[in-house]
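**Student:** Just need the structure, nothing else, for what follows:
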Amino acid sequence: MKEHHVLRGSVYLLCASVLLGSAPAPAETSLKTQGNEIVAGIIGIAAAVGVGIGVGVYFALHPTIKGCVSSDQDGLEITNEKDHAIYQLTGAVSGLKPGNVVSVRGRKKPAKGGSSTGAFRVDKVKRTWSACAAPSNP
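**Tutor:** Residues are numbered from 1 along each chain as shown. Below you'll find the predicted structure:
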């Protein structure tokens, strides 16, 4: 959720800079002064757009997965709550315990060959919740 707030804040900042930067110039200013103000406004808008793009790229390259951690013969894995995809966990996994619901940030690596399990390199454990819910029997 925090990523959405940061991205939303960047959009608000961009909109505010466009609105505040486009105020009409007073009639008594010279054309040179008006030209300098326009250039300054364009530079400010370009900087805000650059920050917005940078934040977006960061969160696109460092996705967050929330899911249930379990163990298998190869180590720890997580089942993503959103799409139920299973990822083999690598990286900073020392604080993870099987049976807990966690939120981790890192990098996804797609499944190779005929495997249905992708890999997820954990850069940071964002949050740990209580035990996973027991699967329901039909």
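**Student:** Determine the longest helix present in this structure.
**Tutor:** Ordering each helix of the chain by length in residues (DSSP state H) puts helix 31-61 first.
**Student:** Report all helices and strands that it contacts.
**Tutor:** The elements that helix 31-61 packs onto, with contact taken as 3 or more Cβ pairs under 8 Å, 6 or more residues apart in numbering; DSSP states H and E, are helix 2-21. The C-beta positions use only the backbone N, C-alpha and C, and glycine is treated the same way.
**Student:** Now the terminal residues of stretch 91-109, how far apart.
**Tutor:** For stretch 91-109, the first-to-last residue distance is 12 Å (Cα to Cα, to the nearest Å).
**Student:** Which residues does that stretch contact?
**Tutor:** Contacts to stretch 91-109, defined as Cβ atoms under 8 Å, 6 or more residues apart in numbering, come from residues 61-71, 75-76, 78, 87, 89, 118-132.
**Student:** Where does the prediction get shaky in this structure?
**Tutor:** 1-29, 31, 58-62, 111, 113-116, 134-138 (pLDDT under 70).
**Student:** Tell me which other helices or strands the longest strand seen in it touches.
**Tutor:** The residue-count maximum for a strand in the chain (DSSP state E) belongs to strand 118-131. Identification of packing neighbours for strand 118-131 by 3+ Cβ pairs under 8 Å, 6+ apart yields strand 86-91, strand 100-109.
**Student:** Compute the inter-axis angle for it and strand 100-109.
**Tutor:** Orientation check (axes from the mean of the first three to the mean of the last three Cα atoms, to 10 degrees): strand 118-131 against strand 100-109 gives 160 degrees.
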